[in-house]
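1. The following block contains a protein sequence and its predicted model.
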Amino acid sequence: MWPIDGCASISDMKQGKDADIVLFLKELMRRRKVLPSQLAAHLGVSHATIGRWLSGKDVPSIRSCQRLAEYSGVPLDRILAIVGHLPRVAEGAPAEWPEFREYARRKYPAELDEDLITMIEDLIERRRAKKYDAKAPNVGR
């Protein structure tokens with residue numbers, strides 16, 4: 001599950017907005033196994049822009065949110081809510097990107113070990129990246 005679900009109060013939402021986008025970006029980079037500079041290239045923004053997002057000094061524009069949605073597979077309205085461009089999605093909403101590892105452990109406890117699950121996760125991420133790369137504009141190439 002993405003680390004972006006609800007806050008307890010309005011003040012938490014305001015203070016948590018920057019933290020939420022930072023957590024989201026870090027999780028996205030971890031799952032895609034990319035560095036900030038590589039994420040910047042995929043999204044068509046500068047490395048400095050990613051640095052500002054990760055430090056909480058700035059948040060993505062609506063256009064950058066669209067690119068993040070395409071790249072991550074998370075619905076645009078969810079990303080816009082994380083960033084603060086839309087009201088926060090209701091607490092307790094189902095995860096938009098279920099964890100394959102959790103599903104595989106429950107569905108196939110005897111058939112799949114950790115190595116196989118990791119390989120399958122890697123294949124899924126490669127396919128997503130390939131699909132995204134086919135749609136992405138040529139940035140700096």
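-> Here it is on my side, so go on. Numbering: from 1, shown residues only.

2. ok, so what distance separates the closest residue to residue 133 other than its chain neighbours from residue 60?
-> Spatial nearest neighbour of residue 133, excluding adjacent residues (Cβ to Cβ, 6 or more residues apart in numbering): residue 42 at 7.9 Å. Using the backbone N, CA and C atoms, a C-beta is placed for each residue, glycine as well. The spacing between residue 42 and residue 60, counted by Cβ to Cβ, to the nearest Å, is 13 Å.

3. before we move on, the earlier item: quick check, the residue nearest to residue 133 in contact with residue 128.
-> No - assessed by Cβ atoms under 8 Å, residue 42 is found out of contact with residue 128, at 11.3 Å.

4. Between the two, which has more neighbouring residues?
-> The neighbour comparison of residue 42 against residue 128 (other Cβ atoms under 10 Å) goes to residue 42, with 20 against 15.

5. Count residues in the vicinity of residue 118, would you?
-> Residue 118, neighbours per other Cβ under 10 Å, totals 12.

6. For it, which three-state class applies?
-> Assigned state for residue 118: helix (three-state reduction, DSSP: H, G, I helix; E, B strand; the rest coil).

7. tell me, what residue is most central in the protein?
-> Centroid-nearest residue in the chain, with Cα atoms, centre = their mean: residue 28, separated by 3.9 Å.
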